[in-house]
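In: Quick one, what's the 3D model for this:
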Amino acid sequence: MPRSLKFILTSSWILLTRCYDAYCTYQLTPDLSKEKNPLVSVLGMGWTSLLITLFILSAYAIYAYYRSVFHAKDLLPIEKGYSFSNVIAFSYLGFKEEWPAVFYKFPRDLNRFNQYMGQILTKCLVFAGFVSSLMWLFINHTDFYKKIHSASTIYSLLVMGCFVIIYLWNKQLYEEYKSRDESKLMSEL
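Out: Residues are numbered from 1 along each chain as shown. Here you go, the predicted model:
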């Protein structure tokens, strides 16, 4: 699929599913009294601040995705001998480290951060769009789901799904890194 078409479809999906989620939320709870989103339930945001926050996050995700698609930067190390843990950290930070460092260190290069988020955040928002759209379709068009629906299940599914997505993407990067290393060895022989 051409890059431009993939970008348009992915960006459209993110925007449409975020709008559908907001619309359905408003239909169910116009005053947000039943909303379980932590931005509302924990931070106490109202509609205006919630929509502004979600718009900014979605716009940033699409911007970062645009940068990663049309101005791609190689996130892999050129040195040999990196472990899977090292490649995970390097792809985010830009220097050799173990994977837990991604939770407490920040990349020195904003472009690297945008490239990384353009891949990870976009994939997670696409997944979240599927989950939230299916959730709302089930809530609005079935009786059985309303009885079993719970915010904790939805948020658990979102968190676990995003961890799987991030793991698989990092595994793919590591395989690419190893294949580069192997192809260099073959060319040196």
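In: and Lys80, how far is that from Glu175?
Out: According to Cβ to Cβ, to the nearest Å, Lys80 stands 15 Å off from Glu175. C-beta here means a position set from N, CA and C on the backbone, and glycine is covered the same way.
In: and if you look at Asp109?
Out: With Cβ to Cβ as the criterion, Asp109 and Glu175 are 24 Å apart.
In: Remind me what the lowest-mean-pLDDT helix or strand in the chain packs against, helices and strands.
Out: Least confident helix or strand of the chain, by mean pLDDT, DSSP states H and E, is helix 151-188 with a mean of 87. The contact analysis (3 or more Cβ pairs under 8 Å, 6 or more residues apart in numbering; DSSP states H and E) places helix 151-188 against helix 84-93, helix 110-141.
In: between these, which gets nearest to Leu32?
Out: Counting by Cβ to Cβ, Leu32 lies closest to helix 110-141 out of the helices and strands packed on helix 151-188; the figure is 15.7 Å.
In: Do I have it right that Tyr72 meets Asn114?
Out: No Tyr there; residue 72 is Ala. No - the pair Ala72 / Asn114 is not scored as a contact, 11.0 Å apart, by Cβ atoms under 8 Å.
In: So which of these two has more stuff around it?
Out: With neighbours defined as other Cβ atoms under 10 Å, Ala72 and Asn114 compare such that Asn114 has more, 21 against 12.
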